[in-house]
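> Would you be able to build a 3D model of this:
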Amino acid sequence: MSDKTIPAMDDETARLDALLAYDVLDTPPEPQFDDVVRVARTLCATPIALVSLVAADRQWFKAKLGLDVHETPRDQSVCAHAIKEREILVIPDLTQDARTRANPLVTGGPRLRFYAGAVLRTPDGQGLGQPLGALCVIDDKPRPVGLTPDQREALLALARQTMMLLQYRRAISRRDDVVQRIHHRVEVAESAQRAGGIGTFEIDIPKGRIFPSSEFCHLFGLPEQEAFDAAEIEALVLPEDRDAISNPATRSEATAALDTQYRIRRLSDGAVRWIGRRGAFEWDDKGRPLRLRGAVQDITDSKRVEARQLVLNQELSHRMKNTLAMVNAIATQTLHQATDPQALDAFSRRIQALGKAHDALLAQSMVGALIRQTIEGVVELVADPARVLLDGPDIEINARSVLSFSLLIHELATNATKYGSLSTPEGRVLVEWRIESDGKEPQLALAWREEGGPPATPAQRRGFGSRLIQSGLAGTGQADVRYESTGLQAQFRAPLAFLTTP
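Below is the predicted model:
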């Protein structure tokens, strides 16, 4: 049931070097890889799915569902056999295959029986590349027919996407190294400038005159002189940034942002530079502004670093959303003959919810997302946002929690639209979140309350959505779901540090 085995590698060291170059072993879970195994398990209808990387003496799981351990010895690894294949290894019954019949995971708990693993292979335009591990699905029951053709193609496609994620992960890591070096150079440059790289100024507001230091003149490319008209300095600021230095209606420094950043076109050479300004007002006895005193500094290098990070984060998010779109297409093609079209629609909507989560992450430079923004993005997929009332502080949850949080809100909103308060014109949903401590570890408490709809009743069968809701915020399991005559009432709690610590 496997493809033709490729020739044995003469140099295992080269394969291990390739694996180590990705710097992924023993790293924390990441939602992008968790999504892959979730989709693989769904498409292949198996209880277990893994992203397994085969190291020198062990196999380690970057992502896993249905298995409690994080790694196993290499001599217990079926993926160690899969990496000898060209593309995929399928073993319908592990007890009947000479390579696996004596494996402790087959002869003892958890008594594995079926295995299918698509090889995770590095890109190599000259050949096959190095096999790092496998994206595999496992069952505790034999499957004489193995995978269907559609499942086989889907698993191979997901394996290719997994390698793409590993590639992007390594690119981001290298980018961070570059950014760190740039930051170091900026810090060195700023340290060198501290003796003379910060310009000072004083503005006589009633007279509209500015009195700059020599370093101020140097930063703005001005000839050194005792004073300038404030309008001369403002003319150097790019038009679209002038609102940052004074009130757009009155052009009064009295209502300017004291700590601000803006761009100038330096007079001496025409170069566009970023300027950071800090200031403080002096007032007369009638409360009128007399002077603005402050300091300016060239922050162009640090702004360039921010821009590079933004571009790379946008590209990563774009690629991730393309991946989700491709997964959705694969699922639609694979399940097009499913007897339950509602299940396919639910799966598609969950993929869209993950896409909204990535939008929220991008807005916060991929380090986290605000709760309100995340809820709004997901709710608009299935309901009228005006009927979902949100109340809570601006709290940013970390990247690893955003995706599961989005799926939880998506299930609640979908259920409310189909069966709950949002299924009637008068109904609405109240979503409230707070930080609670009670003298203990601070926790995030989130309440979902439905009003104006039909009485809430439990689902007749406990499907994926029900299990997801019961798993709570970010899978912490602290969920109190009540089916009241007034509508669904759900309370969720999770340690704040778990949700917010990067």
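
> C-alpha from now on. contacts and neighbour counts both.
Will do.

> buried sites along stretch 153-160?
Neighbour-count burial for stretch 153-160, counted by 16 or more other C-alpha atoms under 10 Å, picks out 154-156, 158-160.

> now stretch 387-394
Neighbour-count burial for stretch 387-394 [16+ other C-alpha under 10 Å]: 387-388, 390.

> Return the closest of the buried residues of stretch 153-160 with respect to Thr476.
Leu158 (27.4 Å; C-alpha to C-alpha).

> low-confidence ranges in the stretch 301-450 of the chain?
308-368, 400, 439 (pLDDT under 70).

> Now with 50, please.
For the stretch 301-450 of the chain, the stretches with pLDDT under 50 are 330, 334, 360-367.

> where does Gln261 land in three-state SS?
strand (DSSP: H, G, I helix; E, B strand; the rest coil).

> what sits opposite it in the beta ladder?
Note on Gln261: beta-bridge partners Gly276, judged by DSSP bridges.

> what do you get for Ser52?
On the basis of DSSP bridges, Ser52 is bridged to Phe61, Ala134.

> pretty sure it contacts Cys136?
Yes. Contact criterion C-alpha atoms under 8 Å: Ser52 and Cys136 qualify, at 7.4 Å.

> could you list every residue that touches the nearest residue to Thr260 once chain neighbours are set aside?
Taking C-alpha to C-alpha, 6 or more residues apart in numbering as the measure, Thr260 lies nearest to Arg277, with 5.4 Å between them; neighbours along the chain are not counted. Counting by C-alpha atoms under 8 Å, 6 or more residues apart in numbering, Arg277 touches 258-261, 294-297.

> Quick check: which ranges of this protein have low pLDDT?
For the chain, the ranges with pLDDT under 50 are 1-10, 188-196, 248-251, 255, 330, 334, 360-367.

> Nearest the middle, which residue of it would you pick?
For the chain, the residue nearest the mean C-alpha position is Ala399 (4.4 Å; C-alpha atoms, centre = their mean).

> so that one sits right up against Leu370, yeah?
No. Using C-alpha under 8 Å, Ala399 is not in contact with Leu370; the gap is 10.4 Å.

> how many other residues sit next to Gly287?
Counted by other C-alpha atoms under 10 Å, the residues lying close to Gly287 total 8.

> quick check, it in a helix?
No. Applying three-state DSSP, one finds Gly287 to be coil, outside a helix.

> I'd like the distance between it and Phe281.
11 Å (C-alpha to C-alpha, to the nearest Å).

> can you check Leu43 too?
Taken as C-alpha to C-alpha, the span from Leu43 to Phe281 is 64 Å.

> repeat for Leu16
Counting by C-alpha to C-alpha, the gap from Leu16 to Phe281 is 62 Å.

> Arg265 - how many residues pack around it?
Neighbours of Arg265 (other C-alpha under 10 Å): 17.

> okay, the contacts of Arg277 in JSON lines with distance to Ile83 and neighbour count next?
Output for the contacts of Arg277, formatted as JSON lines (distance: C-alpha to C-alpha, whole Å; neighbours: other C-alpha atoms under 10 Å):
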{"residue": "Leu258", "distance to Ile83": "61", "neighbour count": "19"}
{"residue": "Asp259", "distance to Ile83": "57", "neighbour count": "15"}
{"residue": "Thr260", "distance to Ile83": "55", "neighbour count": "14"}
{"residue": "Gln261", "distance to Ile83": "53", "neighbour count": "19"}
{"residue": "Gly294", "distance to Ile83": "64", "neighbour count": "18"}
{"residue": "Ala295", "distance to Ile83": "61", "neighbour count": "18"}
{"residue": "Val296", "distance to Ile83": "59", "neighbour count": "22"}
{"residue": "Gln297", "distance to Ile83": "56", "neighbour count": "22"}
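
> Now Pro123: closest residue in space, sequence neighbours ignored.
Gly129 (5.6 Å).

> so what's the spatially most distant residue from the centre of the chain up against?
Distance from the C-alpha centroid of the chain peaks at Asp285, with 52.5 Å (C-alpha atoms, centre = their mean). With contact set as C-alpha under 8 Å, 6+ apart, Asp285 has no partners.

> Quick one: end-to-end length of stretch 100-120, please.
20 Å.

> Which positions in that stretch come out as buried?
If you call a residue buried by 16+ other C-alpha under 10 Å, then stretch 100-120 has these buried ones: 100-101, 103, 105-106, 111-120.

> ok so Pro393 is a strand residue?
No. Pro393: not assigned to a strand; according to three-state DSSP it is coil.

> so it sits right up against Val431, yeah?
No. Pro393 is not in contact with Val431 according to C-alpha under 8 Å; the separation is 11.9 Å.

> Walk me through the domains of this protein.
Taking automatic domain parsing as the reference, the chain has its domains at 12-170, 197-298, 359-500.

> Which one of those domains lies nearest to Glu306?
Glu306 lies closest, by C-alpha to C-alpha, to one member of the domains of the chain: domain 359-500, at 9.7 Å.

> can you map out the strands along the stretch 1-150 of the chain?
48-54, 58-65, 71-73, 88-91, 114-121, 131-139 (DSSP state E, counting those that start in this stretch).

> Which other helices and strands does the second one contact?
Contact here means 3 or more C-alpha pairs under 8 Å, 6 or more residues apart in numbering; DSSP states H and E; on that basis strand 58-65 packs against helix 31-44, strand 48-54, strand 71-73.

> just the angle between it and strand 131-139, please?
Angle of strand 58-65 versus strand 131-139, following axes from the mean of the first three to the mean of the last three C-alpha atoms, to 10 degrees, is 50 degrees.

> Can you name the residues in contact with strand 58-65?
24-30, 33-34, 37-38, 41, 47-54, 70-75, 77, 79-80.

> same check, this time on the first one
The set of residues external to strand 48-54 that reach it, using C-alpha under 8 Å, 6+ apart, is 25, 33, 37-38, 40-41, 59-67, 74, 79-80, 132-139.
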